[in-house]
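Chemist: Give the three-dimensional model of this entry:
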Amino acid sequence: MGAEKGNLKYVFIVGLLLVIGSLFWVYASFSLFGPKDLGVEYTHEDYVSALEKTGIQIEFQGMTGAELEEYKKDAAKESIHDYDFEFSEYERKQFTLTAQESTALLNEIAPTFWWFDDLQVKVLPDGTMEGSSTADIKRLKTDLYSDVADDVPLPLPDSLNIYSKGRISVTNNQLSGDPETFYLGAVPLPGKYMEEDSVSVMEEYFPRIYTVVPGLEITSLTSNPNGEFVFDGVIPQKVSVTKK
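Modeler: The predicted structure follows:
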């Protein structure tokens, strides 16, 4: 009888550890583990190429070029509200960016202010787009969504790995989405949140991320059969950032 109780106790402990381990895996996948790897690797040359295509020149606290690139290597995250941004010399631009160039531009153009780390984007052969990153939820709520942050029904971690796949385009600054898959960490978003009403909410609030640049006009953002992102719109050619 004693041996049987000992075996039951052992089974209970193992089962408890498995449950705890599973819960840890799910929670840790939200932020501790890296986001899904889409296989998009970029170089500094990809970033330089993307800047040349867009024409954007950046001055941060008087730093430009190689000095600014060196500073960015160890720069800490900061709030956009702590700085003044001056955008000027707007021009109409039409260009295409490869997955590598797009990923490089999104990761490197403003890493101290950008709300997404280890971001990768790509276009699949059927035109579907994929995106993966670690979202800084805490800073997003403060910088862009302070007016609706308290409306979220569930508590979210300060950072969150996200993965999405679907057809996305922007026309006249308005996002249109037809998501196929959306993951928060290792957990897929329930189907009810992928329906039309929920997608319309995403289409309403997501543009805040890119319209934070005043005067930005995205006439169209789509993809082509070569797996490239195709941009047509008006963007600033010079950006100057100074501490308040």
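
Chemist: C-alpha from now on. contacts and neighbour counts both.
Modeler: Fine.

Chemist: OK, contacts around the residue lying closest to residue 171 once chain neighbours are set aside?
Modeler: In space, and not counting its chain neighbours, residue 171 is closest to residue 220: 4.5 Å by C-alpha to C-alpha, 6 or more residues apart in numbering. Residue 220 is in contact with 169-173, 230-233, counting by C-alpha atoms under 8 Å, 6 or more residues apart in numbering.

Chemist: Pull up the pairing partners for the host helix or strand of residue 237, direction included.
Modeler: For residue 237, the host element (DSSP states H and E) is strand 229-243. Sheet pairing here is set by DSSP bridges, and for strand 229-243 it gives strand 57-60 (parallel), strand 83-97 (antiparallel), strand 217-223 (antiparallel).

Chemist: and the last one, how far from the chain's centre?
Modeler: This points to strand 217-223. 18 Å (C-alpha atoms, centre = their mean, to the nearest Å).

Chemist: just for this structure, where's the confidence low?
Modeler: Applying pLDDT under 70 to the chain flags the ranges 1-34, 152-155, 192-194, 196-199, 201.

Chemist: Tell me which stretches of it form strands.
Modeler: For the chain, the strands defined by DSSP state E cover 57-60, 83-97, 116-123, 129-136, 159-171, 174-184, 187-188, 217-223, 229-243.

Chemist: Now that we have these, can you turn them into CSV and tack on distance to residue 49?
Modeler: Listed next are those as CSV, based on distance: least, C-alpha to C-alpha, whole Å:
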stretch, distance to residue 49
strand 57-60, 13
strand 83-97, 9
strand 116-123, 17
strand 129-136, 21
strand 159-171, 23
strand 174-184, 26
strand 187-188, 35
strand 217-223, 18
strand 229-243, 14
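
Chemist: Among those strands, which comes closest to residue 39?
Modeler: strand 116-123 (8.2 Å; C-alpha to C-alpha).

Chemist: helices or strands up against that closest one?
Modeler: helix 99-108, strand 129-136 (3 or more C-alpha pairs under 8 Å, 6 or more residues apart in numbering; DSSP states H and E).
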